[in-house]
Every structure is written in C-alpha cells, then in structure tokens.
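Turn this into a model:
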Amino acid sequence: MSGMTDIVFLLLIFFMLTSTLIAPNALKLLFPQKGQAVVTTTHIPVIELYSDGKVALDGRIIAFENLESLLISKLAGQADPTVSFIIEGNATVKETVNVMNIAAQNNIKVVLKEKI
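Modelled structure (predicted):
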C-alpha cells in the first residue's frame, strides 16, 4: 500500500508541474471593480459586427481588411486606446475572434457588448 501511495504522489507532482508549463491561448478580460467609475473625455470608436459578416466602424460599413488601419489612425496618440465592440446575436465566433485579435495585436482595450 505504501508503494501505491508513493506512485500517486509522484503522479500528482508530475501533473501539477506540467500543468503550470502550459500557457492557455485565451484573451485577458478586465472586469470592472466595485465602485469603479470611468470618465472619458476622448471619443471611443464603436465597432459593430453584424450577423451577415459586415463590419461597421462608427456607423460606416467598411471592409474587414481596412479595419486595422482605420482603428490605428483613429486611436493614434491616445495613451490608453479603447474601442467599444458591439456584436449582433447571430455573428460568428470566428469573425468576433478576428476583431478581438486585431485589438490584441495593437494593444487596444475592448469593451464587449451584445446587440439583442
């Protein structure tokens, strides 16, 4: 019985060590803290993703390929670039992740909302 206990503890240590080496491929989400109020004086661009795959930036439909360059030009010079991202209920996950990846690659914070 003592030999079995040793094996169980060795396996437990092995799995604990290997699980810390795996870096999950996930987005970092920032949740508001209790009592935290944010006052902004700059314009926050609004990205809308529709269920038919169209993307709008500040109310204008644009080609997805132009989204990154337009965002960079709109947010140039801001110390803490932030966008509001509104997703229509039936939009695909792939398109949503593509927009989130553009923001992550350019160090842009995203406020995620769902349009019902």
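
in the protein, which ranges drop under the pLDDT threshold?
Regions of the chain meeting the criterion pLDDT under 70 cover residues 20-30, 36-42.

Just list the residues touching the residue of the chain positioned farthest from its centre, thanks.
Each residue of the chain has a distance to the centre, and by CA atoms, centre = their mean the biggest one is for M1: 49.1 Å. Listed by CB atoms under 8 Å, 6 or more residues apart in numbering, M1 has no contact partners. From N, CA and C alone the C-beta is placed, and that goes for glycine too.

Could you check how far it is from I13?
19 Å (CB to CB, to the nearest Å).

mind checking which helix or strand I61 is in?
Take DSSP states H and E as the rule and I61 turns out to sit in strand 60-62.

Buried residues in the following helix or strand past that strand, which are they?
Downstream of strand 60-62, the first helix or strand assigned by DSSP H and E is helix 67-74. Buried residues in helix 67-74, counted by 16 or more other CB atoms under 10 Å: L67, E68, L70, L71.

which residue ranges form the helices in the chain?
2-21, 67-74, 93-105 (DSSP state H).

D58: which of those helices is closest?
Minimum separation from D58 across those (CB to CB) falls at helix 67-74, 7.9 Å.

what's the distance between stretch 45-54 and the middle of its chain?
How far stretch 45-54 lies from its chain's middle: 15 Å, per CA atoms, centre = their mean, to the nearest Å.

Actually, stretch 48-56.
Worked out by CA atoms, centre = their mean, stretch 48-56 lies 17 Å from the chain centre.

Can you give me the end-to-end span of that stretch?
End-to-end distance for stretch 48-56, by CA to CA, to the nearest Å: 5 Å.

Serialize the buried residues of helix 67-74 to TSV and add fields for distance to S19.
Output for the buried residues of helix 67-74, formatted as TSV (distance: CB to CB, whole Å):
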residue	distance to S19
L67	36
E68	35
L70	41
L71	36
